[in-house]
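>>> Have a look; sequence and predicted model below, questions after that.
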Amino acid sequence: MDEPLSPVPPAAPPPPEEAAQRIARLRDRLAEQGQLVVSLLDAALRAFYERDAADAAGVAAEDDRVDRVDVEIEKESVAILSAAARAGCELENDQVRQILTIVKINNELERIADVGTDIAELVGTLADPSTRFPETTKVMTNSVLGLCRDAVGAFEDADPALARVVLQSEHVVLAFKGEILRQAERRVTEGTMSIESAFDLHELIGHCMLIADHCTNIAEQVIYERTGMIVRHMEGRWVERPADDQ
């Protein structure tokens, strides 16, 4: 007569340090992704100003790499949460915040890379590649690149103070936008810039504003991760409130 099967003991939940180690590795991977996206944006802007079609094509190839890493990070985030759920292991609140932050910032970085690729692709569609845009344009794009570097750095260093600098810098980009568009309008009126080139400039500025918006979203997530505070833009200023008050 066969012996009855002994019940299989439930799997022991993984030790807390295992989840912490996986999250730490995931953070490192996202920090690398952030540096890759900053490099992509830098290359896209250089390709645009130099009207270099070969460099612009290289940006598209780097965007494919960003997309692959984006999927890897998403899958690993889900895997960490799923492993904890299956094992009945309750993650600490700060660990959950870290994973949520990683997922959201990962998404923002992928979108910045997409917009950077859009900027590079403008090289092949400009109405008049010889048109010189207002000098303030390069100042603005450099500012947006710096904003992206700071947003990535704030995450990498877990620095909410730097994240707040990113938030407060948004108005500078808005000021540049207004000045550049006024200059373009004046030049169109004077006949020194075509309407088509003005539209090209407007498209570039629009891309820059999208990147700045994604950077402020990253900054908001850094503050949330490190402090538990939810950041909202209200009545022209940034306000931090405890998550329980939302």
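Arrived safely. Numbering: from 1, shown residues only.

>>> Can you show me the helices along the protein?
16-50, 53-86, 93-121, 135-156, 160-190, 195-227 (DSSP state H).

>>> Now those in CSV, please, with extra columns for mean neighbour count.
(Each C-beta comes from the backbone N, C-alpha and C, glycine too.) Below are these laid out as CSV (neighbours: other C-beta atoms under 10 Å):
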stretch, mean neighbour count
helix 16-50, 18
helix 53-86, 15
helix 93-121, 21
helix 135-156, 20
helix 160-190, 16
helix 195-227, 20
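
>>> Kindly check the end-to-end length of stretch 85-103 for me.
18 Å (C-alpha to C-alpha, to the nearest Å).

>>> Mean confidence (pLDDT) on it, please.
The predicted model assigns stretch 85-103 a mean pLDDT of 86.

>>> how distant is that stretch from the center of its chain?
Relative to the chain's own centre, stretch 85-103 is displaced by 22 Å; criterion: C-alpha atoms, centre = their mean, to the nearest Å.

>>> if we can go back for a sec, reformat the helices of the chain as TSV; add distance to residue 129.
Output for the helices of the chain, formatted as TSV (distance: least, C-beta to C-beta, whole Å):
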stretch	distance to residue 129
helix 16-50	10
helix 53-86	10
helix 93-121	13
helix 135-156	15
helix 160-190	17
helix 195-227	9
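
>>> quick one: contacts for the closest residue to residue 142 other than its chain neighbours?
What sits nearest to residue 142 in space, not counting adjacent residues and going by C-beta to C-beta, 6 or more residues apart in numbering, is residue 45, at 7.9 Å. For residue 45, the contacting residues are 116, 119, 141-142, 145, by C-beta atoms under 8 Å, 6 or more residues apart in numbering.

>>> Show the contacting residues for residue 110.
66-67, 70.

>>> Let me know the closest of the residues you listed to residue 153.
residue 66 (17.9 Å; C-beta to C-beta).

>>> Can you tell me how far that closest one is from residue 56?
16 Å (C-beta to C-beta, to the nearest Å).

>>> ok, and the closest non-adjacent residue to the residue most central in space within the chain?
In the chain, the residue lying closest to the centroid (C-alpha atoms, centre = their mean) is residue 109, at 3.0 Å. Nearest non-adjacent residue to residue 109, counting by C-beta to C-beta, 6+ apart: residue 37, 4.7 Å away.

>>> circling back to that earlier point, and the two most separated of the contacts of residue 45?
116 and 142 (14.1 Å).
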